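Student: Using only what follows, build the 3D model:
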Amino acid sequence: AHSDTDGLSSVEEFGGKRVTAADLRDVPHVPPKFVFGNYTQRRDGERETQAVRERETDLTTTNKGNSFTVRNTMAFLLGMFVDKPEFITVLNDKQVEAGANVILRCEVNTTQVTVTWKKNGQKLNCLEGKHKIRLIQKLCCLEIQRVEDVDEGSYTVEVSNKLGSVSCSATVTVVINKWRTITRNSAEMVRSLRSYQVCDGVSELRFLLHGPIGAGKSSVINTIKTIFENRPFVNCLAGESGESVTLYYEKFTVGSERSGLLPFAFYDVMGLEEGQTRGAHTDDIIKALKGHIPNNYRFQDYPITEDHRHYNATPTLNDRIHCLVSVLPADKISLMENAVIEKMKCIRRAATELGIPQMVFMTRVDSVCKMTKDDVSKVYQSKKIKEKMQECSNRLGVPMNCVFPVETYHEQNQLNEHINCLILDALTQIVFWANDYAEKCSRNQNRAE
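Tutor: Numbers count the residues shown, from 1 in each chain. The predicted structure is shown next:
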């Protein structure tokens, strides 16, 4: 504390506030005389000169016989003028490579706070050599050294004092080395697919998409058509209501008469559900693989039979499916009923017996990984996405190199290069494998003839 040259009183800043006699006038529990450093200041603003000890810590004032003792002048002042904590800046999400250090920091409006750090909702267990927690003025900092997979998670800082508390959170994501590469030029892939020549034995390559309700089968088809039409395309009805919106066995071509048709066709079926009488029948899908079900067949409550008027008893290679694509949602694979998985396995076994290649499109990757949601080009650097791909592989019994994470146009209305590249890479692979299968079947058929 100090006094101005003109005799007016003033006090140095305490806890970010400038304290004057006027501040003390309306504080009822402060006695008429209160000692500041080297002189005594009356609450009425009149200065009384009095010699007191410098750095006095035990101060006693008397008001008509009533004693008032302050053990620590500074602590008392700070307690009077402390602010309720508020954030000036909050924590930001961090993406960090394994082995590197990462710092989470935020700024608050006061230094008079208690800081608590949590990880995934639990108080952070600070380890020597791993965590450094610091409060630098108004900056709250947490440094995590030599980041490992176990350090990934949601971190929360809670700042509190006697007037209240606030908290904010951020996610630390461990970025792994890119373990699969794809072409980053969608125009180049589109040109390659447009010029692709299918084998002589078929007029087009046929792909059948199957999976649980809400997996995104229709959205995959819409996204492929969007890319080749170079505009948002919604022709294959997609829904997320929990009920299948696909009622017909319907063919969807790639391209158009205007932009040029490609020799690829996708077939959509009803979603699979738990129970024998709900959703698509496995027998119907297996018969579709063999070419027995014609285009635009309406699915019934019972599987199609050989005596049905639309049943194709003598399918050719052109009528058959050349690649089976299982569509699984990344955010629901863990929750899928075993009964649905068993239906998909049953269909896969039938495809295997027919020699039909099989692949998995893992959709909704943005729903399980924030890093991928922010930048889908990092999908093959996400540990979470790799774990989900492994889960798809384990549950369906499909090799990892047959699982492709994709993002579809289910919210966006503008084309995105990274979304295009992901799904075009997957499409290119199924085209190659379907053509290999059709070519093999065609050779066998020629030998038989």
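
Student: going forward, measure contacts between C-alpha atoms and count neighbours the same way
Tutor: OK.

Student: What segments of the stretch 301-449 of the chain are helices?
Tutor: Counting by DSSP state H, counting those that start in this stretch, the stretch 301-449 of the chain has helices at residues 338-354, 370-374, 383-396, 417-448.

Student: whoops, I mixed them up, the stretch 51-200 of the chain
Tutor: Secondary structure of the stretch 51-200 of the chain by DSSP H, counting those that start in this stretch: the helices cover 73-80, 186-194.

Student: Below-threshold pLDDT in the stretch 101-250 of the chain: ranges please.
Tutor: 235-245 (pLDDT under 70).

Student: and the angle for the strand ranked longest in the chain with helix 383-396?
Tutor: Secondary structure assigned by DSSP state E gives strand 164-175 as the longest strand of the chain. In this structure, strand 164-175 runs at an angle of 60 degrees to helix 383-396, with axes from the mean of the first three to the mean of the last three C-alpha atoms, to 10 degrees as the basis.

Student: please renumber so the chain begins at 31
Tutor: Done: numbering now begins at 31, and the last item shifts to strand 194-205.

Student: What is strand 194-205 packed up against?
Tutor: strand 124-127, strand 183-191 (3 or more C-alpha pairs under 8 Å, 6 or more residues apart in numbering; DSSP states H and E).

Student: Out of the helices of the stretch 331-479 of the chain, flag the one nearest Arg210.
Tutor: With C-alpha to C-alpha, the closest approach to Arg210 among the helices of the stretch 331-479 of the chain belongs to helix 413-426: 10.4 Å.

Student: Report how many residues lie close to the residue nearest to Asp179 when sequence neighbours are not counted.
Tutor: Of all residues not flanking Asp179 in the chain, Val204 sits nearest, at 6.2 Å (C-alpha to C-alpha, 6 or more residues apart in numbering). Other residues lying near Val204 total 25 when counted by other C-alpha atoms under 10 Å.

Student: related to what we said a few turns ago, select from the helices of the stretch 331-479 of the chain the stretch with the lowest mean pLDDT.
Tutor: Ranked on mean pLDDT, the bottom entry among the helices of the stretch 331-479 of the chain is helix 400-404, at a mean of 90.

Student: Need the contact partners of that one.
Tutor: Contacts with helix 400-404, where a contact means C-alpha atoms under 8 Å, 6 or more residues apart in numbering, come from Gln125, Thr203, Val395, Asp396, Ser397, Lys408, Val409, Ser412.

Student: how about 7 Å then?
Tutor: Counting by C-alpha atoms under 7 Å, 6 or more residues apart in numbering, helix 400-404 makes contact with Asp396, Lys408, Val409, all of which sit outside it.

Student: check contacts around Leu134.
Tutor: Leu134 makes contact with Leu121, Cys171, Leu172, Glu173 under the criterion C-alpha under 7 Å, 6+ apart.

Student: same question but for His340, I mixed them up
Tutor: Applying C-alpha under 7 Å, 6+ apart as the definition, the contact partners of His340 turn out to be Pro324.

Student: so what's the backbone phi/psi at it?
Tutor: The phi and psi values for His340, taken as degrees, to the nearest 10, are phi -100, psi 0.

Student: and it, how far is that from Asn325?
Tutor: Separation of His340 from Asn325 (C-alpha to C-alpha, to the nearest Å): 10 Å.

Student: try Tyr439
Tutor: As defined by C-alpha to C-alpha, Tyr439 lies at a distance of 25 Å from Asn325.

Student: Comparing the two, which residue is more hemmed in?
Tutor: Neighbour comparison, Tyr439 and Asn325: the larger count goes to Tyr439, with 22 against 16 (by other C-alpha under 10 Å).

Student: for the helices and strands packed on strand 194-205, which one sits closest to Phe258?
Tutor: Between Phe258 and these, the shortest separation by C-alpha to C-alpha is 33.5 Å, and it involves strand 124-127.

Student: buried ones in the longest strand of the chain?
Tutor: By 16 or more other C-alpha atoms under 10 Å, the buried positions in strand 194-205 come out as Ser197, Ser199, Ala200, Thr201, Val202, Thr203, Val204, Val205.

Student: how far is that strand from where the chain is centred?
Tutor: Put simply, strand 194-205 sits 15 Å off its chain's centre (C-alpha atoms, centre = their mean, to the nearest Å).

Student: report the angle between the axes of that strand and strand 183-191?
Tutor: Relative orientation of strand 194-205 versus strand 183-191 (the same axes, to 10 degrees): 160 degrees.

Student: Residues touching strand 194-205, excluding its own?
Tutor: Taking C-alpha under 7 Å, 6+ apart as the criterion, the residues outside strand 194-205 that touch it are 114-116, 120-128, 179, 182-190, 411-413.
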